[in-house]
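Undergrad: build me a model:
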Amino acid sequence: MSLLAIQKLGRNRDTPRLWIESQRLESLGFAHGQPLHIESKPDTLILRPAILGHNHVSSREVPGGRRPIIDLENESLLANLAAYSEVKIIASFERIQVTPSHRAFAIQKSRLCQPPFRVLEVFVGGGTMTAAMHQDENFRVIAGVEIDPLFADEWQAANADAQLIQADIRALHLSELPEFDLLIAGIPCTCHSNLGRAKKHLAGRPETGEEGDLFLPVLSLISQRMPTAVVLENVPGFASSLAGELLASNLKRIGYHVFTTILQPNADWGEIEDRKRWLLVATLDRPFSLLAPERKCNRTLSMFLDTPDPSRDEADARRIARTIEGLKAHNARHEGLGHGFEFTVVDGTETRIPTIPKSYHKINTGPFVKTPSGLRLLRQSEVERIHGIQLRTRHYATALQILGQGVQTRLFRQVFQQLSDHLAQAFPVGKPPC
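TA: Numbers count the residues shown, from 1 in each chain. Okay, the predicted model is just below:
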C-alpha cells in the first residue's frame, strides 16, 4: 500500500502548515501517537517513524475507528516548501516524502522569469498577432502551432528563427512543445460567431462544433506549464459562451489573475475597422489591467486607400460588375420579403467601417469602394494598412483570409506594449533567467 497526494500547503496566520490525513497512514507505520523524525532538505521534507520526537501523529475519530493525521506547523521545518503553492506527498512503508508538485515548480519558475519572455503562439494563422510583438525587446517568439500549411508557411516566413509545429493541437503531447513563458492564441471562432453558429446549426451549442472544443487543449496546456502570462482573443460572443466562462473560471482556480474585456477598436482605440474582440489576459504575479486610450477614430477611409487610379479602378470594377449586379438583385428579393439583406458601400469619407470578413475575396459582402466606374473590392494593400501589417504573400485570397480571421495588428501592438511594461516591472532584468 502507498499514498500519493497533491494538495495546497496551508497557512495558519503567517506560519506554513502541512496537513496529511489518511486511514492508510496507519498501515504505512504512522499510527496515532507515533513520534516522528523529520529531515529537511532543499525543496524536500522526509518523515520517518522515531522512538522519540517532538512531533507525533495525531488522529480524529471517524466511524469504525480513528484516522491518523500528521499536522506540522513549523516555519523552520517548512521554510524550504513555503514558497510553493502546492506540494506532492509520496508515502511508502515508514517513509513520507514531501516535495513541490510539478505544477508548483512550474509556477515558481514562471515567477522568477526575466525579459525577454519566450512566446508560444497556438492557432498562429498568418501571424497577425505575433507581428504585434516583433518590435518589443521584452518578447521573443520561439514557436508556433498551426494545422493549415498555407497559413503555417506565412507565419514561418515572418518568424524565420522560430520553430513551426504543423499539427492539430489536440494531437500534440506536452513534451513536443518547447519551454515558453507567454502563451498567446486567437482560438478559432467559427463556431462562436453569429454567422458560424447559423451556418453550422449550433444555436446555443457552439462547443459541439468542429472547432468549438479547441479551448480544452489550450486550457490543458496552460495548467500543465503554468506560463508567466496568457493572452487569448476571440469574438465578443465567446465571453458569455460555456467555453469562455470555463476558460476564465478555471484559470482563476489554478492561480491566475484574470482580466477580460471587449475591445472597441473604433470607439476606444482610434481604429477605422470596428472589429470588436473579446480579450483575456491572465498573469501569475499580479493583476493586469488594460488601459484603453478612449480615442475615437478621426481618420477617414481615404487615408488608407490607394491613390486614385481611374484605369485601375475601372478594371477592378469591371471584374466584379456582374457579381455586384447579382448581389443587388439578391438583396432586393430579400428586402421584398422583409429580410433586410444589404451590403456596405463606402466612398472614402467614412471614419468607421464594419469588419472585413475572411470570405471578403468571395465578393459576397462589403464593404465595396465606390468609384466613378462602379464598385470595387478593397485591395490587399488597403486592408493591410487598415490592420497595420504588411503580409509576405501576394495571393489576394490567402491574404484576405489571414487578415479576416486575424487580429488588428496595430491595436494589439498597444495591448502587448502595456503587457510588456507590466511584466518588465514585475520581472526586472537581474532576476534569474527562466
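
Undergrad: what kind of secondary structure is residue 189 in?
TA: coil (DSSP: H, G, I helix; E, B strand; the rest coil).

Undergrad: looking at it now. What's its pLDDT?
TA: Predicted confidence (pLDDT) for residue 189: 71.

Undergrad: could you pull up phi and psi at the spatially most central residue of the chain?
TA: Nearest to the mean C-alpha position of the chain, by C-alpha atoms, centre = their mean, lies residue 232 at 2.9 Å. When read as degrees, to the nearest 10, the backbone of residue 232 gives phi -130, psi 150.

Undergrad: mind giving me the packing neighbours of the stretch of helix or strand residue 150 belongs to?
TA: Element membership of residue 150, judged by DSSP states H and E, is helix 149-158. Contacts defined by 3 or more C-beta pairs under 8 Å, 6 or more residues apart in numbering; DSSP states H and E place helix 149-158 against strand 139-145, strand 163-165, helix 396-405. Glycine gets a C-beta too; all of them are placed from N, C-alpha and C.

Undergrad: can you list the strands that the second one pairs with?
TA: Translated: strand 163-165. Strand 163-165 pairs in its sheet with strand 139-145 (parallel), by DSSP bridges.

Undergrad: and the angle for the strand it pairs with with helix 149-158?
TA: 160 degrees (axes from the mean of the first three to the mean of the last three C-alpha atoms, to 10 degrees).

Undergrad: Throw the helices and strands packed on helix 149-158 into CSV and include distance to residue 64 and mean pLDDT, thanks.
TA: Output for the helices and strands packed on helix 149-158, formatted as CSV (distance: least, C-beta to C-beta, whole Å; pLDDT from 0 to 100):
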stretch, distance to residue 64, mean pLDDT
strand 139-145, 52, 98
strand 163-165, 54, 97
helix 396-405, 61, 96
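
Undergrad: mean neighbour count, the ones you listed: which tops it?
TA: Stretch with highest mean neighbour count among the helices and strands packed on helix 149-158: strand 139-145 (a mean of 22; mean count of other C-beta atoms under 10 Å).

Undergrad: what's across from the closest residue to the residue nearest to the centre of the chain other than its chain neighbours in the sheet?
TA: Distance criterion C-beta to C-beta, 6 or more residues apart in numbering; nearest residue to residue 232, sequence neighbours excluded, is residue 280 at 4.4 Å. Beta bridges link residue 280 to residue 232, residue 260, judged by DSSP bridges.

Undergrad: sorry, back to before: gap between the helix holding residue 150 and the chain center?
TA: 20 Å (C-alpha atoms, centre = their mean, to the nearest Å).

Undergrad: and the contacts of that helix?
TA: Here helix 149-158 makes contact (C-beta atoms under 8 Å, 6 or more residues apart in numbering) with 124-127, 130-131, 144, 146, 162, 164, 166, 391-393, 398, 401-402.

Undergrad: report the rounded mean pLDDT for that helix.
TA: For helix 149-158, the per-residue pLDDT averages 95.

Undergrad: the inter-axis angle of it versus helix 396-405?
TA: 80 degrees.
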